[in-house]
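[1] Quick one, fold the following:
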Amino acid sequence: MAVAKVSMSLDEDVLAQARERVGGRGVSAYVNEAVRRQLRRDALGEVLAQMRAANGPVAEEQMEEVRRLWPGPDDEHASRPA
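    Down below sits the predicted model:
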């Protein structure tokens, strides 16, 4: 795949943390993967918006069931599917 050089500005603390994780020479690949991941999230958000526009919002009862089956990381006591 072709690569293009760009110049960008990052918050100093963000750059320092990235360098700690990947070293100075791996920052470009790290940023590239972060941008790629954000593009996928943006595309998913667009699909979800289209689905909401076509079908309306998800019913609260269904959302409660989803939250019960797939709790977040802070939900220690939520039930898990068998």
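[2] so where's the protein shaky on pLDDT?
    Applying pLDDT under 70 to the chain flags the ranges 75-82.
[3] what ranges do the helices span in it?
    Along the chain, counting by DSSP state H, helices occupy 12-22, 27-55, 60-69.
[4] Quick check: which helices or strands does the first one pack against?
    If I follow you right, that is helix 12-22. The elements that helix 12-22 packs onto, with contact taken as 3 or more C-beta pairs under 8 Å, 6 or more residues apart in numbering; DSSP states H and E, are helix 27-55. All C-beta atoms are positioned from the backbone trio N, CA, C, and that covers glycine.
[5] ok, and for the helix it packs on, which residues are buried?
    Val31 (16 or more other C-beta atoms under 10 Å).
[6] what about stretch 46-59, distance to the chain center?
    19 Å (C-alpha atoms, centre = their mean, to the nearest Å).
[7] How about stretch 43-51?
    14 Å.
[8] Tally up the residues packed near Val22, please.
    Val22 has 15 neighbours, counted by other C-beta atoms under 10 Å.
[9] Now do the contacts for the closest residue to it other than its chain neighbours.
    Spatially, and ignoring its direct neighbours in sequence, Val22 is nearest to Tyr30 (4.7 Å; C-beta to C-beta, 6 or more residues apart in numbering). Tyr30 sits next to 18, 21-22 when contact means C-beta atoms under 8 Å, 6 or more residues apart in numbering.
[10] would you turn the helices of the chain into a markdown table with distance to Val6?
    A markdown table is the format used below for the helices of the chain (distance: least, C-beta to C-beta, whole Å):
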| stretch | distance to Val6 |
| --- | --- |
| helix 12-22 | 15 |
| helix 27-55 | 9 |
| helix 60-69 | 39 |
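[11] about what we covered before: with Met1 as the reference, measure out to the residue nearest to Val22.
    17 Å (C-beta to C-beta, to the nearest Å).
[12] coming back round to it: what's the closest of the helices of the chain to Lys5?
    helix 27-55 (9.1 Å; C-beta to C-beta).
[13] Sounds good, over and out.
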